[in-house]
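[1] Could you look at this predicted model? Sequence included:
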Amino acid sequence: MNIDTILSRHESLKRKKQYWLPLYQALAQFVMLRKQYFTTDQAEGPFLVNKVFDATAIHAAHMMASSILGQIWPNPFESFEFVPQVAQEEEAFSDAFDMMNTVNEVLPVNLALAEAGVMTAFLEGIMDAVVFGTGALAITETKDYKTPISVKSLDSKTMSFSENDQGQVDTVYMEKEFTIGTLVQRFTYEAVSANSKTLYDQGKLDEKIKVLHLIEPRRERNPLKLGTLDMPFASIHIELGQKHLLQESGFNEMPILVFRFWKTTGETQGRSPAMDALPDIRAVNKLVEMFELAGEMGLNPPKMISTEDVLGAGKIPWGPGANILTHTSGRMAGAGKPIEPIITVTNPSWAQQRISDLRDNIMQYFMLDKLSDLSNTSRQTLGEANIRNELRMFMTGPLLTRLLVELVSPFLERSFNILLEMGYFGVVRDSMQDYQMQQAGLEPTYISEDFIAHRTNGLKGYRINFISPAARLMKLEESQGLDTLTDYMERVAQFDPTVIDNFNFDESLRAKQRLSGASQKVLYSPAQVAKKRQDRQIAQAEAQQLQTEQVQAMTFKDAAKGVKDIGSATGQG
């Protein structure tokens, strides 16, 4: 590992981002005041509110971020479900269904923990994406079984990144500041540079040191080794000032999730609604400033004062009840009043309509009319409501789909892998963990053999079924199509009952469950359904056999009685 090479690439990535910084600074100043020092080191002090006169964009950005979060992630229990990765029809009876039921019970509970910080990190990350076009989350394993997953939002101000050939961010460089005390506590006294040791020994614990943290694919490794230095992703900490290696470790997968709101081909940085709205944001800010100034001029206009008529050595008392002394000895004939206001703006209300139009434009840039739809108070039929929802889907569908694919799906995959490695979903049969649990008197839960087989073949072993409001909205048209087909089949079956042979009732029921967003828990797995049907067939066969035996017994009984009657009749004869 060459530190100079790493630092050279870090500077190269920073240079590519320099062109974006003026735009980011303007967005921070007008839309996200708490990040107003975007192109400079964070300074403690008052916000630059004296340059911001309209909060429409600030409010719209918060509303958009909250609305998006509510639609793609209302809570961990109503946002997703894991289902088995069934590739072939014969795999429908996989034991992975039981494992996925465990996943759907365990994973949401751990993501809902307040200590995990999922909702807070999601909201902050989406807010960054809405304003700056790029958001980032760090999903880390805590090694604490009470709170196994920790999620934090990362500031794109201090981050540079690059993509792989598939357009996914796989390299992240971040500059962080540590105090000497925190640095030694985080990396140990032996790991820090000689300069940091000196500062620590001198008691300068609040002295700040810049540290570069990079995560990127490891280009030289031995896949057969299990150490952190041979993991697919390298994690390296370097003291920038001293060019000193603090720590080198690794990850099996990318722990930092970078997502873009919109993205232009050929660009790495994301683009945002706030960027599109920035001209109108600047215009309404300036217009409101001028409108307020005009109002102030109208309420307290400038005065024209004759210096020959006013006493007091230039100091004129002003305000209610003030006595202003004047004299007329030096006044010229025909002169005006000694003190009179200067008329400036007679009626500034002409700007009100323009301000209103700009504010409406800003709200539309942030798609609040499509995301929240809070202004609709009219009564509608079901058909009208469905049409309205379809129109909303056409407008917001691509946006929400991108966030589901680039944010929620990778987040769930990372969280799944963390809990899987920690044994939350079970252990491998005949593994060391299995023997240890049995020796401790515990009954282990086993990971599905079919799941293991899929993972061995390089597959995920599962599919994610999104059940959030956004997912249900995007599946609305397909769900309605299934209903239309079912109704048509029922009408045709009245004339030709054999048409029902074309319809797969089991698959249509599972499709309706998936499209409607209902939990898969309401349906039995294919294996359980097959078992229930087999048991029913056996029970029916046994009942039929019993009924047959009873009929035969009655027949034999009646026959025996008939023979007896015949014998009796013959004997009497």
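    That came through fine.
[2] could you measure Ala57 against Glu78, distance?
    Distance, Ala57 to Glu78, by C-beta to C-beta, to the nearest Å: 31 Å. In short, each C-beta sits where N, CA and C put it, glycine included.
[3] Next: Lys51.
    For Lys51, the distance to Glu78 equals 42 Å [C-beta to C-beta].
[4] And for Gly426?
    25 Å.
[5] go on, Ala493?
    36 Å.
[6] Name the residue in Ala57 and Glu78 with the higher neighbour count.
    Higher neighbour count among Ala57 and Glu78: Ala57, with 28 against 14, using other C-beta atoms under 10 Å.
[7] Figure out the helix or strand that that one lives in.
    Assigned by DSSP states H and E, Ala57 belongs to helix 56-72.
[8] tell me what that helix is packed against?
    Helices and strands touching helix 56-72, by 3 or more C-beta pairs under 8 Å, 6 or more residues apart in numbering; DSSP states H and E, are helix 118-132, helix 273-299, helix 350-365, helix 368-371, helix 382-403, helix 469-474.
[9] which of the residues in that helix are buried?
    56-72 (16 or more other C-beta atoms under 10 Å).
[10] so where's the stretch 251-400 of the chain uncertain?
    306-314, 319, 321-322, 324-336, 342-348, 372-395 (pLDDT under 70).
[11] ok, the nearest residue to Ile500 once chain neighbours are set aside - how many residues close by?
    Once flanking residues are discounted, Ile500 sits nearest to Ala493: 5.4 Å by C-beta to C-beta, 6 or more residues apart in numbering. By other C-beta under 10 Å, 13 other residues sit near Ala493.
[12] Equivalent analysis for Leu299, please.
    Neighbours of Leu299 (other C-beta under 10 Å): 7.
[13] ok, it to Leu293 distance?
    11 Å.
[14] ok, Pro273 - contacts?
    Ala61, Met64, Val130, Phe261, Tyr365, Phe366, Met367 (C-beta atoms under 8 Å, 6 or more residues apart in numbering).
[15] swap in Gln242?
    Ser193, Ala194, Asn195, Ser196.
[16] Val192 too?
    Taking C-beta under 8 Å, 6+ apart, one finds Leu183, Val184, Tyr200, Glu239, His244, Leu246 in contact with Val192.
[17] Excluding chain neighbours, what is closest to the fourth one?
    Nearest residue to Glu239 in three dimensions, chain neighbours excluded: Ser193, at 5.1 Å (C-beta to C-beta, 6+ apart).
[18] now swap in Asn75 and tell me
    Counting by C-beta to C-beta, 6+ apart, the nearest residue to Asn75 once its immediate chain neighbours are dropped is Ala112, at 6.8 Å.
[19] quick one: which of the contacts of Val192 has the most company?
    Leu183 (27 neighbours).
[20] In this structure that one contacts Lys208, no?
    No - using C-beta atoms under 8 Å, Leu183 is not in contact with Lys208, being 9.2 Å away.
[21] Now do the strands in the stretch 51-200 of the chain.
    80-84, 134-141, 149-153, 159-163, 169-179 (DSSP state E, counting those that start in this stretch).
[22] Make TSV from the ones you listed and add mean neighbour count, mean pLDDT and distance to Glu449 to it.
    As requested, those are exported to TSV (neighbours: other C-beta atoms under 10 Å; pLDDT from 0 to 100; distance: least, C-beta to C-beta, whole Å):
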stretch	mean neighbour count	mean pLDDT	distance to Glu449
strand 80-84	23	89	12
strand 134-141	22	94	26
strand 149-153	19	95	26
strand 159-163	18	91	37
strand 169-179	19	92	32
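[23] I'd like to know which of those strands lies nearest to Arg221.
    strand 169-179 (14.8 Å; C-beta to C-beta).
[24] Dump that closest one to PDB, keeping only the CA atoms.
    Extracted in PDB, the C-alpha atoms of strand 169-179 (Å, rounded to 0.1, in the frame of the first residue of the first chain):
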ATOM      1  CA  VAL A 169     -20.500   3.900  -6.000                       C
ATOM      2  CA  ASP A 170     -17.800   1.500  -4.800                       C
ATOM      3  CA  THR A 171     -15.100   4.000  -3.700                       C
ATOM      4  CA  VAL A 172     -15.500   6.600  -1.000                       C
ATOM      5  CA  TYR A 173     -12.900   9.100   0.400                       C
ATOM      6  CA  MET A 174     -13.900  11.000   3.500                       C
ATOM      7  CA  GLU A 175     -12.100  13.700   5.500                       C
ATOM      8  CA  LYS A 176     -12.800  13.700   9.200                       C
ATOM      9  CA  GLU A 177     -11.600  15.800  12.200                       C
ATOM     10  CA  PHE A 178     -10.600  14.100  15.400                       C
ATOM     11  CA  THR A 179      -9.400  15.700  18.600                       C
END
